[in-house]
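*Asks:* Model the structure of this input:
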Amino acid sequence: MPKRIKHPSKIKRPRDVNQLAHLLVEQSTEVVESPQPSTPVPASISEYMAQIGRKGGQIGGKRRLATMSEQKRKEIAAKAAKARWSKKT
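*Replies:* Got it, this is the predicted structure:
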């Protein structure tokens, strides 16, 4: 069974300055295994952020429509149609 590591606040600190320095160096250079990220990150971070943004945007639009009243949806649709037809091409 692996030896349990005490929490840093539970370790009795030595009074000798040299021993205290040794203890602090040991604690600060201790190797801790970090967990691997659950989703693989693409090579380019901008691509990854774009994927995350698209996912949030798709969810957000659906939730917005679900919570919006019919009257508000009609107002938004009328405003969008007016903006489309007023464009000069």
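*Asks:* Every contact and neighbour count from this point should use C-alpha atoms.
*Replies:* OK.
*Asks:* in this structure, what spans have low per-residue confidence?
*Replies:* 1-9, 35-42, 89 (pLDDT under 70).
*Asks:* where exactly do the helices run in it?
*Replies:* Assigned by DSSP state H, the chain shows helices spanning 17-28, 45-67, 70-86.
*Asks:* Check what contacts the shortest one and list those residues.
*Replies:* So the one you mean is helix 17-28. Contacts to helix 17-28, defined as Cα atoms under 8 Å, 6 or more residues apart in numbering, come from residues Arg13, Pro14.
*Asks:* mind saving the C-alpha coords of that helix as PDB?
*Replies:* Extracted as PDB, the C-alpha positions of helix 17-28 are listed here (Å, rounded to 0.1, in the frame of the first residue of the first chain):
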ATOM      1  CA  VAL A  17      16.000  27.100   9.700                       C
ATOM      2  CA  ASN A  18      18.000  24.600   7.600                       C
ATOM      3  CA  GLN A  19      15.500  21.700   8.200                       C
ATOM      4  CA  LEU A  20      12.600  24.100   7.400                       C
ATOM      5  CA  ALA A  21      14.300  25.100   4.200                       C
ATOM      6  CA  HIS A  22      14.800  21.500   3.200                       C
ATOM      7  CA  LEU A  23      11.100  20.700   4.000                       C
ATOM      8  CA  LEU A  24       9.900  23.600   1.800                       C
ATOM      9  CA  VAL A  25      12.100  22.600  -1.100                       C
ATOM     10  CA  GLU A  26      10.800  19.000  -0.900                       C
ATOM     11  CA  GLN A  27       7.200  20.200  -0.900                       C
ATOM     12  CA  SER A  28       7.700  22.700  -3.700                       C
END
